[in-house]
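Peer 1: Give me coordinates for this.
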Amino acid sequence: MPEPTDRRYGPAPLPRPRGPLSTAVTEALRRPPHDLPMDLGADLDPADPLTDEDLQLTLFLCYELHYRGLRGVDEGWEWQPTLLAVRARAERPFEAALRRLVGAAPVPPGGVTVGLTELVAADDGPPLAATLQRRADLTQFREFVAHRSVYHLREADPHSWALPRLGGPAKAALVEIQTDEYGNGQLNRMHAELFRRTLDRLGMDTGYGAHLDAVPAVTLATNNLMSLVGLHRRLRGALLGHLAAFEMTSSLPNRRYGNGLRRLGLDEVATRFYDEHVEADAVHEQIAVHDLCGGLVRVEPALAGDVLFGAAAALAVDRLFAAHLLDNWAAGRSSLRAPAPRTISVPATALPSATGGPLAGVA
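Peer 2: Numbering: from 1, shown residues only. Here you go, the predicted structure:
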């Protein structure tokens, strides 16, 4: 299969394996579709599935086949039965760990909209956004952007899996939110495109999936959660709850991210992605809570608990992600597994230092 000429839109590069299972899957994907050993992954029993590099990369590889695909990998792998069986074996401990992490999410007397509001109000995650606004240096901000690139370069896609699974008011609400995410049909306004410009302004590789090898398991887990609830119809309520939690906790952090970039001397092109979310997500929050999740539960009341599970899981995994970054930075370490790839065409004078002056170089 020839290499694509345009790396911006995928498929993603095939990342390096991180353990025996992801090694076996990666080696298989380099060949034409074929049956995998029936017991592959049967002994999977990680101590912490949410931070296990081998499990999370295996899941990401399997899920990515349903998105843009993987560079050099035959598209016939997407529905290969024995690979789907491996994915299912990896999903079981992952979902079980998520449910242990958040515990029971009972629906309060006021219903799912009250439950969502209470979950968000009780969330007391590590102050990642405040740190990026006030203290992070340019290297740390680049790390944060590298982590988030795995999602933001395909922003909205996981939640779009819900569209064919909904009807009525919930579907209409989701279309309204997703239309904004996709720039109302204008390429230069798509949120993924705005984020690509942020990467570019920071002198970083803007290719789809370019930072996969650099990010750790906890970052992959934040993305795999979306794919898990997006690809399983039985979890459609959790998918909508996940989106609602995203929208309800977005405006203030994005304002802080934009202000952090301005503090570091970046221009309005670099901050537009974050500035756009400050206004858009304030509107999306109301739609997501009342029309999307509320609309779903009015039609399917039995899904209320799933909605709250999805929201609680989104918040809990993001707390783990934020703690990973802040703990590493506090210890003087990088939060990445490897340096974030950077472009070589951006002049050094275009990149501000942490104090606003030019950097000596981008490498």
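Peer 1: my read: residue 261 touches residue 138, true?
Peer 2: No: the pair residue 261 and residue 138 does not pass the contact test of C-beta atoms under 8 Å, sitting 9.3 Å apart. All C-beta spots, glycine's among them, are computed from the backbone N, C-alpha and C.
Peer 1: More neighbours: those two, which one.
Peer 2: Comparing residue 261 with residue 138 by other C-beta atoms under 10 Å, the one with more neighbours is residue 261, at 27 against 20.
Peer 1: tell me, how many neighbours does residue 101 end up with?
Peer 2: Each residue near residue 101 was counted by other C-beta under 10 Å, and the total is 15.
Peer 1: show me what contacts the closest residue in space to it that isn't next to it in sequence?
Peer 2: Distances taken as C-beta to C-beta, 6 or more residues apart in numbering put residue 316 closest to residue 101, at 5.0 Å, once the chain neighbours are dropped. In this structure, residue 316 makes contact with 98, 101, 102, judged by C-beta atoms under 8 Å, 6 or more residues apart in numbering.
Peer 1: Next: residue 119.
Peer 2: When the contact criterion is C-beta under 8 Å, 6+ apart, the partners of residue 119 are 105, 245, 308, 311, 312, 315.
Peer 1: cool, residue 220 as well?
Peer 2: Neighbouring residues of residue 220 by C-beta under 8 Å, 6+ apart: 56, 57, 59, 60, 150.
Peer 1: just to confirm, which helix or strand has the first one in it?
Peer 2: Taking DSSP states H and E as the criterion, the element that holds residue 56 is helix 53-64.
Peer 1: Which strands or helices does that helix pack on?
Peer 2: The criterion is 3 or more C-beta pairs under 8 Å, 6 or more residues apart in numbering; DSSP states H and E, and the helices and strands that helix 53-64 contacts are helix 20-29, helix 81-102, helix 217-231.
Peer 1: can you put those in JSON lines and add mean pLDDT and distance to residue 274?
Peer 2: Below are these laid out as JSON lines (pLDDT from 0 to 100; distance: least, C-beta to C-beta, whole Å):
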{"stretch": "helix 20-29", "mean pLDDT": "98", "distance to residue 274": "33"}
{"stretch": "helix 81-102", "mean pLDDT": "98", "distance to residue 274": "28"}
{"stretch": "helix 217-231", "mean pLDDT": "98", "distance to residue 274": "18"}
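Peer 1: so which of the ones you listed gets nearest residue 326?
Peer 2: If you check each of the helices and strands packed on helix 53-64 against residue 326 by C-beta to C-beta, helix 217-231 wins as the nearest, at 12.2 Å.
Peer 1: quick one: the closest one to helix 81-102, angle?
Peer 2: Helix 217-231 and helix 81-102 are oriented at 110 degrees to each other (axes from the mean of the first three to the mean of the last three C-alpha atoms, to 10 degrees).
Peer 1: chain center to the helix or strand where the residue nearest to residue 101 lies, what's the gap?
Peer 2: Using DSSP H and E, the secondary-structure element containing residue 316 is helix 304-330. Averaging C-alpha coordinates over helix 304-330 and over its chain gives two centres that are 11 Å apart (C-alpha atoms, centre = their mean, to the nearest Å).
Peer 1: Next: stretch 149-156.
Peer 2: Its chain's C-alpha centre lies 6 Å from the corresponding centre of stretch 149-156 when counted by C-alpha atoms, centre = their mean.
Peer 1: For residue 257, see how far away the nearest residue to residue 341 once chain neighbours are set aside is.
Peer 2: If the residues on either side of it in the chain are set aside, residue 341 comes closest to residue 205, at 3.9 Å by C-beta to C-beta, 6+ apart. Using C-beta to C-beta, to the nearest Å, one obtains 20 Å as the distance from residue 205 to residue 257.
Peer 1: what about the two, which has more around it?
Peer 2: When residue 205 and residue 257 are compared on other C-beta under 10 Å, the one with more neighbours turns out to be residue 257, at 26 against 19.
Peer 1: for the helix or strand where the more buried one lies, which positions count as buried?
Peer 2: If you go by DSSP H and E, residue 257 is part of helix 251-263. Judged by neighbour count (16 or more other C-beta atoms under 10 Å), helix 251-263 contains these buried residues: 251, 253, 254, 255, 256, 257, 258, 259, 260, 261, 262, 263.
Peer 1: quick one: that helix to helix 304-330, angle?
Peer 2: Relative orientation of helix 251-263 with respect to helix 304-330: 20 degrees, computed using the same axes, to 10 degrees.
Peer 1: send the alpha carbons of helix 251-263 over as PDB?
Peer 2: Listed next in PDB are the C-alpha coordinates belonging to helix 251-263 (Å, rounded to 0.1, in the frame of the first residue of the first chain):
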ATOM      1  CA  SER A 251     -15.500  26.900  28.700                       C
ATOM      2  CA  LEU A 252     -13.400  28.000  31.700                       C
ATOM      3  CA  PRO A 253     -10.500  25.600  31.000                       C
ATOM      4  CA  ASN A 254     -10.300  26.700  27.400                       C
ATOM      5  CA  ARG A 255     -10.300  30.400  28.500                       C
ATOM      6  CA  ARG A 256      -7.300  29.500  30.700                       C
ATOM      7  CA  TYR A 257      -5.500  27.700  27.900                       C
ATOM      8  CA  GLY A 258      -5.900  30.600  25.600                       C
ATOM      9  CA  ASN A 259      -4.700  33.000  28.300                       C
ATOM     10  CA  GLY A 260      -1.800  30.800  29.000                       C
ATOM     11  CA  LEU A 261      -0.700  30.900  25.300                       C
ATOM     12  CA  ARG A 262      -1.100  34.700  25.300                       C
ATOM     13  CA  ARG A 263       1.100  34.900  28.400                       C
END
